[in-house]
Each structure stands twice: as structure tokens, then as C-alpha cells.
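> here are the coordinates; sequence isn't available:
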């Protein structure tokens, strides 16, 4: 058949063809933990909606071939998983299912961001305040018409080398299909061919009822996955990606690295990877401070704390040291690395993982090991890496206090490294989670006025924003 090469326009599909696909299976998948938004989509979409409260859960759902989804809406600001890694999975498992980013703050609506999305084959965004009727009008096809019951949406392999199978209805949905597409009949013969952007006349769809599957070149999928990976490398330092999205990507990478450090042997490669991530955190903190948005900065700190306590330590340490006017390289090389590796001895202790054990519930033997973990962590790093000696000093002292009431050596005064005092105060704040001013003051009295004022400075900007 001769196929005219131009944009595929859904308007050209006739009513008879659309009625054929009117009875549908499948759901709209929303990945968000915003309770207000969840209530709204529940009212507008009803039983057609599936909710996942994290990208990690969403990744599990789309990787299961037994699940059927018409479209996927995701919040890229969730650090439980990488939004770009999720896209990579979506291309692999559901290469033609439309994916939308929930753009609740209109961060992805600028011309620069739109161009960047198109460059990396990211389909489009969906504003959080946008009605679904408006979205349907944009796509040109109602969600209820996206998936026929007769089509098995499981991705399968084709007998023809170099192709993977996707359901034909997905091809119908896209205005411009991002892949080279082939259609295979019951005998396994390729009978219809269309390159990316081809026009398919409505009459050609009459044959689809007797056909089984479209096929997509694996090279198309590989190309798009490669571009997504390139985006992961570029996005943190791009001025056009939203800061909240960049923060979520960086926190996910940091969390993954720390999980890896807990289960594998240390090496200089791990130190180098940590240094790279700390550079991203430093850059993000600088961007958030530059736009003078305390709300977004607080959200980043909260995400860091929910992600991993050591990432939270690193983030708060960087904020304090910037206010103390320490140099960037010193912050990353000394305090940043110390924050990452301070508890390395707790993960694989003779008593198992003690990093999340309540100190008040430890046995005497566990408690003795815990009180010595700063020294043990530094010794492990010294034996397995070439981490700087001053960083090891900060790790050894990360629970010491200025008034010599800390542990394990009760070092204080001029012997206590200033960056170790910063890290010790942050550890106390995170571990004790003070709820009142009296509780905070009980912690502050063990530290020097300069360090306490630096930490209060972070809190002051937050309170000013809240009061406004």
C-alpha cells in the first residue's frame, strides 16, 4: 500500500472507526501523593482511575504486563524513583502509551521547557489545575476510546528480528507516532508499514479488526532511551528544567548510592560518585537560595530528610557552611563526604544494621558498638579509600560537642573541628527532633554561639516565609 508521508491527524478518523473502539478496557494511572489532587481526579475519572502514591509503586505497576493503562500521569517531583528512569521503563514496557507530567506549578509551561521536552521525546505536560475535558480536547481522543477490549496490551516479541509488539490502539491515539511501525497479521506477515509521522487514511484502519499487533523497531526504543539517559546527565545544570524536578532526581541518585554503599565494599569509585552528587546538591541549594524561595528550599530539605538521614545531614550542612562562608570545595570534600559516610560502620555491624535502631532499645553490647561507630567508620574508610585525612577527622568527631559532652572521645574546645561541630549539631537536631523551643535550647547549649546562630539563620528564613 502507498502511504503518504505527512503528519498523522486524528481529525481524519471517521466516526465509525471511533465507535469501533468505544467499548474499552484499561485505566488512567495517576502517580501522585497530593490528597487534594487525588480527590479531584477521583470525582472526574471515577472507577477508571488507578492511584499510585509514589513513582516507585508506579514503576512496579507499569512493569506488570497484566495491568492495562490508557494513559499515565506522573509527578516528576517524587524522589522515591527517577522520573526519567520511569520514562525509560515506560518506553520499554509500554512504548506507545501516552505519558503526561503533572505540572501543578506550571514549571514546565515555558517555551524553553516545552522545547526541551520535545527534544528528549517527553510527550507533554498536564497542568494540575487543568480539567480533564480540556485535556481530552487537546489529545483529540476521549480516554474511553483509547483501548479496545479485543486487544491484549501485553508487549510481546515479534517473529521478525528487530521488532517489539504494542497494541494498535496506541498507534491510533498519537497525532505523530514517535516510532517506525509495522503491522503483522495472523500468519505473521508484515502487511502495513508506516514511518514516524506517516499519515494513515481511515479506510486502512478497516483492516485492523482482523489484524493482531503493530510492531516497533527496537532501534527506535534504544534511541529514545539513550536520549532520556542523556537528559539525566544534563538536567541538573540546565536552567530550563524545574528546580523541584532536578532536586527529586538528585535525591533519588543519592538514595540509590547510599543503599549501594550499605551493601557493597567501599572504594574510591564510591567516593567519586558521592562527590559528584554532593556537587549537584550544592548547585541546587545555590539555585534555591538565588530565587529566594524559602518554601521550595524547605520542601527540598523535607524531601532530603524523607529520603535518607545522611542526605538530610549533607543538605543542612551545605546550607550552614554557605552561611558560614566556607569554600565550596571544602564543603563538598570535607563536610559533604563526612555526612555521606559518617554511619558506614553501622550498616554491617556484628549486630546487623544498627543505623535505624533506637539507641534506647539497644543491648549493652550494641550500645558500646554504637558509641564507637564514629571511630570505626573513619577506620573503615581509611582502610578502603584515599579519602582526605581532614574528612576522616570530621567523621571521627561527628557526635562530639563544643562543651565536651559528646562521644566517643568527649573532644571539645579548640580540638573540635568546626565542620564536625556543624555535623554534630545537625545530627542532634535530626535524632532528637525537638518539638518545643525548650527542647531546641537544650541542644543548642552544647554548641558554640556561631554554629547555633548559623543553624537558626536557616530556621529564621523559613519562619519569615511562613509568617508572610
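That came through fine. The structure displayed is predicted, hence computed values, not measured ones. Numbers count the residues shown, from 1 in each chain.

> Show me how the record splits the protein into domains.
The chain is divided into the following domains under automatic domain parsing: 10-223, 242-467.

> helix or strand for residue 50, which one?
Using DSSP states H and E, residue 50 maps to strand 49-52.

> what's the least confident stretch among the domains of the chain?
Of all the domains of the chain, the minimum mean pLDDT falls on domain 10-223 (a mean of 67).

> tally of neighbours for residue 324?
Counted with other C-beta atoms under 10 Å, the neighbours of residue 324 add up to 16. Just so you know, the C-beta spots here come from the backbone N, C-alpha and C atoms, and that holds for glycine as well.

> ok so, going back, want to throw the domains of the chain into JSON lines with distance to residue 229?
Conversion of those to JSON lines gives the following (distance: least, C-beta to C-beta, whole Å):
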{"stretch": "domain 10-223", "distance to residue 229": "7"}
{"stretch": "domain 242-467", "distance to residue 229": "12"}
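
> Minimum distance to residue 234: which of those has it?
Go through the domains of the chain one by one with C-beta to C-beta and the one that ends up closest to residue 234 is domain 10-223, at 9.0 Å.

> Going along the chain, name the strands of the stretch 151-300 of the chain.
Using DSSP state E, counting those that start in this stretch, the strands of the stretch 151-300 of the chain run over 163-166, 181-184, 190-194, 213-217.

> so what's the closest residue to residue 401 other than its chain neighbours up against?
Sequence neighbours aside, residue 446 is the residue nearest to residue 401 in space, at 4.2 Å (criterion: C-beta to C-beta, 6 or more residues apart in numbering). Residue 446 sits next to 401, 402, 403, 405, 406, 428 when contact means C-beta atoms under 8 Å, 6 or more residues apart in numbering.

> Likewise for residue 261?
Under the criterion of C-beta under 8 Å, 6+ apart, the contact list for residue 261 reads 270, 340, 341, 344, 347.

> give me that answer again for 6 Å
residue 270 (C-beta atoms under 6 Å, 6 or more residues apart in numbering).

> Buried residues, stretch 396-415. List them.
Residues of stretch 396-415 classed as buried by neighbour count (16 or more other C-beta atoms under 10 Å): 396, 397, 398, 399, 400, 401, 402, 406, 407, 408, 411, 412.

> Endpoints of it, how far apart?
With C-alpha to C-alpha, to the nearest Å as the measure, stretch 396-415 spans 12 Å from end to end.

> Then stretch 64-78?
Stretch 64-78 stretches 21 Å from its first residue to its last (C-alpha to C-alpha).

> How about stretch 343-357?
Between the opening and closing residues of stretch 343-357 we find a distance of 12 Å, counting by C-alpha to C-alpha.

> again, but for stretch 49-60
End-to-end distance of stretch 49-60: 16 Å, with C-alpha to C-alpha as the criterion.

> again, but for stretch 67-78
One end of stretch 67-78 sits 22 Å from the other (C-alpha to C-alpha).

> and it, how far out from the chain's middle?
13 Å (C-alpha atoms, centre = their mean, to the nearest Å).

> report the longest helix in this protein, please.
Ranked by residue count under DSSP state H, the longest helix found in the chain is helix 268-290.

> Would you mark the buried spots in that one?
Using 16+ other C-beta under 10 Å as the burial criterion, the residues of helix 268-290 that qualify are 270-271, 273-274, 277-282, 284-285, 287-288.

> Find the nearest non-adjacent residue to residue 163, please.
residue 215 (3.7 Å).

> what about that neighbour, neighbour count?
Applying other C-beta under 10 Å, we find 24 other residues in the vicinity of residue 215.

> Surely it and residue 158 touch.
Yes - under the contact definition of C-beta atoms under 6 Å, residue 215 touches residue 158, with a separation of 4.8 Å.

> measure residue 271 to residue 250 for me?
18 Å (C-beta to C-beta, to the nearest Å).

> oh sorry, the question was meant for residue 312
The value you get for residue 312 to residue 250, if C-beta to C-beta is used, is 13 Å.

> So for these two, which residue has more residues nearby?
When residue 312 and residue 250 are compared on other C-beta under 10 Å, the one with more neighbours turns out to be residue 250, at 27 against 22.

> Give me the nearest residue to that one, chain neighbours excluded.
When the adjacent residues along the chain are set aside, residue 250 lies closest to residue 280, with 4.5 Å between them (C-beta to C-beta, 6+ apart).

> Verify the stated contact: the one you found with residue 251.
No - the pair residue 280 / residue 251 is not scored as a contact, 9.5 Å apart, by C-beta under 6 Å.

> Whatever helix or strand comes next after the strand holding residue 50: which residues count as buried?
Using DSSP H and E, the helix or strand that directly follows strand 49-52 along the chain is helix 55-63. Burial within helix 55-63, assessed by neighbour count using 16+ other C-beta under 10 Å, is assigned to 55, 56, 58, 59, 61, 62.

> what's near enough to touch the fourth one?
Translated: residue 59. Remark: with contacts taken as C-beta under 6 Å, 6+ apart, residue 59 is in contact with 81, 86, 89.

> now swap in the second one and tell me
Taking C-beta under 6 Å, 6+ apart as the definition of contact, the neighbours of residue 56 are 80, 81.

> For burial, what's the neighbour tally of residue 89?
As a burial measure, the neighbour count of residue 89 was computed by other C-beta under 10 Å and equals 19.

> what's the closest non-adjacent residue to the one residue sitting closest to the centre of the chain?
Using C-alpha atoms, centre = their mean, the residue of the chain that lies closest to the mean C-alpha position is residue 82, 3.2 Å off. Spatially, and ignoring its direct neighbours in sequence, residue 82 is nearest to residue 252 (4.8 Å; C-beta to C-beta, 6+ apart).

> and if you look at residue 284?
Using C-beta to C-beta, 6+ apart and skipping residues adjacent in sequence, the residue nearest residue 284 is residue 247, 5.4 Å away.

> go on, residue 381?
What sits nearest to residue 381 in space, not counting adjacent residues and going by C-beta to C-beta, 6+ apart, is residue 387, at 5.1 Å.
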